[in-house]
Every structure is written in structure tokens, then in C-alpha cells.
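Chemist: Here's my sequence, what's the structure:
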Amino acid sequence: MAGKNQRGRQAAKAPKVHTAELTHTVEDFESAFWPDEQPVDNAVVMTMGALHEGHAALIRAARKQVGRDGRVAVTVFVNPLQFGAGEDLDRYPRSLEADVKLAAEAGADVVFAPSGEEVYPNGEPLVRLAAGPMGERFEGASRPGHFDGVLTVVAKLLHITDPDFAFFGEKDAQQLAIVRRMVADLDFDVEIVGVPTVREEDGLALSSRNHYLSEQERGQALALSRALFAGRDAGARGAQAVREAASAALDAAEGVDLDYLALIDPDAFTEAPDDFRGEAVLAVAARVGSTRLIDNVRIIVR
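Modeler: Numbering: from 1, shown residues only. Purely as a prediction, here's the structure:
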């Protein structure tokens, strides 16, 4: 019979590991996510896969919100409705096995990775949600119809997962604002929680699209965060100073094809006037090589 020390060594070799059940159908997801009738808080983190530390931060925030006894689901679905002509649907990175591992380590209980046929069983939907005026500016102007596709799939996944809380990253600031407005305008019974952007040590915002960047392009992409930080530092001097500081940093950058740089009133997601005061979002979108990147920071304009 093993002695106390040996039993202790054996126990130490087998620490409890959090696992996440992988499901592909709505039926299997429901069985896994609600295994019994005991009411607990639950949360969802919606992703398109290729998970990284930014997604892990969302999952950890969800776990903290619902507690040890709550339930956390992660959806992994590359939604074709939000990709426009010439965009990167086919080459969007897919790494489901690694995604499930990361989700489990961050605290997820279930990963729901449905097929397109499972999400859209009747084919491409004839009826979709419209993002309205909020979805026609900035990202919406550059990617027409993008936010209609986002809202359609978010609404469907909210119905399927039925969470108390849904977590979204602040890096996609316009998406977060539009999802919050959808929930408010259409009376969805869920709380939308924003989680701050996670960055590399050099300031680059984590994104699944960073995989596309060459080493040289990655260095050039740092111009985006540098411009945002320069604008943030100028916030005490007013809105025009913010724009000028950020623009100067981008003008000095090489290899960056600017789409837009905007100081945004976060309430309606409109361009902030020169006399704006208060909390704003300074947002940028640009191509570095063939890769389109977005980033933003929240700043106080005085």
C-alpha cells in the first residue's frame, strides 16, 4: 500500500485540468451547455476562430463574471455574411484544435463550432438584420453590408446560446457599439460586456489577421498604434490637436495605406466636432501590404 508521501506525489502529478466540450450541432450544444436544470449564470464569447490572447482575455472575463459554478460558451464560426467581395473568407485562418485548447485553458466549458448549414439551414438568409445608419459609417462605408452580416449572426447565436452575458472586444469598437444598440433597440435579454484591447509589448493590437503580416509589414503596422497613442496624449489640448497628432504620426509612416482616421463620439458613433469634450474613440483603419487592420483607443478630450 502506498505511503502518505507516495500518495502525495501521485496527486501532484495529476492536477485538475479544465476541459471544454466541442460541439457542432445546436442539439449537442444545448445538451452540453445546460446539462441539468440548476439555474446558473452563463456567458458567451463569439469568435471566428484563430484564437489568441485577446480572445483568452474575453473568456477569462466571462468566467470571472459567472463565477466557478457558471457556464461559459465560446462560439467558433467564420460567418460568410460579413465578408464582402474580394475579402479574405477563404484564407481566414482556421485552427479549431488549438482554439478548443486555448478556450479550455481560459475557462470555457463548451465550444460551439457549427457548420454553415447548421447556422443557416435554409441557405443564405433572405431576411437579415440591418445595422442602419450606425453601420454605414467608418467600417461600414469601407465594407458595405458588413455589419448587417455581423448583427444577423450575433442575433442567431444569442438565440441559440441564450446567455445572461455576451463579451466582445473593444478593439472592434464599432461592432461593440452596434451590437449594444441592437440589444437595446430590439429588447434582447442579455448584457453586453466590452473588454479592453490586448496588445503586444510593442503596442500592436492582437488580431487574427496579424498572421498575414510579414516581418517587415508587422513593423510597419506599429504605425497604427503609435498614431493612436500620439492622439491620446494630445487629448488635453482638444479634438483638433488629437487629430493633428495622430495624422502626423501616420504621415511619417511607410507602407501604410490609410483608409480612415476618425475621432468618434461613442454614443451614436459619429465624427466628433472640433468643440467636442468628453470620452471619445480615436479609430484607425489601414492596409499594410495586403492586410487590412483596424485599431482604436478610448481617450478623454478636454
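
Chemist: When you work out contacts or count neighbours from here on, use the C-alpha atoms and nothing else.
Modeler: OK.

Chemist: Give me the pLDDT for residue 91.
Modeler: We have a pLDDT of 76 for residue 91.

Chemist: Please name the residues that touch residue 79.
Modeler: 48, 116, 149-150, 153 (C-alpha atoms under 8 Å, 6 or more residues apart in numbering).

Chemist: In terms of secondary structure, what does the stretch of helix or strand residue 30 belongs to contact?
Modeler: According to DSSP states H and E, residue 30 maps onto helix 26-33. With contacts taken as 3 or more C-alpha pairs under 8 Å, 6 or more residues apart in numbering; DSSP states H and E, helix 26-33 sits against strand 21-23, strand 110-112.

Chemist: helix, strand or coil for residue 263?
Modeler: strand (DSSP: H, G, I helix; E, B strand; the rest coil).

Chemist: So that it lines up with my notes, have the first residue be 4 from now on.
Modeler: That works, and once the first residue is 4, the last one we named lands at residue 266.

Chemist: so what's it up against?
Modeler: Here residue 266 is in contact with 242, 245-246, 274-275, 283-286 (C-alpha under 8 Å, 6+ apart).

Chemist: Out of the residues you listed, give me the one that has the most neighbours.
Modeler: residue 285 (28 neighbours; other C-alpha atoms under 10 Å).

Chemist: Pretty sure that residue sits in a strand.
Modeler: Yes - Residue 285 forms part of a strand when assessed by three-state DSSP.

Chemist: And the strands in this structure, which stretches?
Modeler: Ranges of strands in the chain, per DSSP state E, are 24-26, 45-50, 74-79, 113-115, 168-172, 194-198, 259-268, 273-274, 281-291, 294-304.

Chemist: is it possible to export these to a markdown table including mean pLDDT and distance to residue 142?
Modeler: What follows is the strands of the chain, written out as a markdown table (pLDDT from 0 to 100; distance: least, C-alpha to C-alpha, whole Å):
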| stretch | mean pLDDT | distance to residue 142 |
| --- | --- | --- |
| strand 24-26 | 98 | 32 |
| strand 45-50 | 98 | 18 |
| strand 74-79 | 98 | 22 |
| strand 113-115 | 98 | 27 |
| strand 168-172 | 98 | 16 |
| strand 194-198 | 98 | 18 |
| strand 259-268 | 97 | 9 |
| strand 273-274 | 96 | 12 |
| strand 281-291 | 98 | 8 |
| strand 294-304 | 97 | 9 |
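
Chemist: I'd like these as a markdown table, with distance to residue 214 appended.
Modeler: Output for those, formatted as a markdown table (distance: least, C-alpha to C-alpha, whole Å):
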| stretch | distance to residue 214 |
| --- | --- |
| strand 24-26 | 24 |
| strand 45-50 | 16 |
| strand 74-79 | 18 |
| strand 113-115 | 23 |
| strand 168-172 | 19 |
| strand 194-198 | 22 |
| strand 259-268 | 17 |
| strand 273-274 | 31 |
| strand 281-291 | 12 |
| strand 294-304 | 9 |
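
Chemist: what about the ones you listed, which gets the closest to residue 131?
Modeler: strand 45-50 (18.5 Å; C-alpha to C-alpha).

Chemist: what's the closest one in contact with?
Modeler: 58, 61-62, 65-66, 69, 73-81, 157, 164, 166-171.

Chemist: Could I get the contacts of residue 266 in CSV, plus columns for distance to residue 212?
Modeler: Shown next, in CSV, are these (distance: C-alpha to C-alpha, whole Å):
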residue, distance to residue 212
242, 30
245, 27
246, 26
274, 26
275, 28
283, 25
284, 22
285, 21
286, 17
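
Chemist: if you skip the residues just before and after it, what's nearest to residue 194?
Modeler: Nearest residue to residue 194, sequence neighbours excluded (C-alpha to C-alpha, 6 or more residues apart in numbering): residue 168, at 4.8 Å.

Chemist: One more: residue 131?
Modeler: Residue 131's closest residue in space is residue 155 (C-alpha to C-alpha, 6+ apart), at 5.6 Å.

Chemist: just checking, the one you found touches residue 128?
Modeler: No - with contact defined as C-alpha atoms under 8 Å, residue 155 and residue 128 do not form a contacting pair (9.0 Å).

Chemist: who has more neighbours, the two?
Modeler: Regarding residue 155 and residue 128, a neighbour count based on other C-alpha under 10 Å identifies residue 155 as having more, with 19 against 12.

Chemist: thinking again about what came up before, which among the contacts of residue 82 end up buried?
Modeler: 51, 152-153, 156 (16 or more other C-alpha atoms under 10 Å).

Chemist: What separation is there between residue 294 and residue 66?
Modeler: According to C-alpha to C-alpha, to the nearest Å, residue 294 stands 32 Å off from residue 66.
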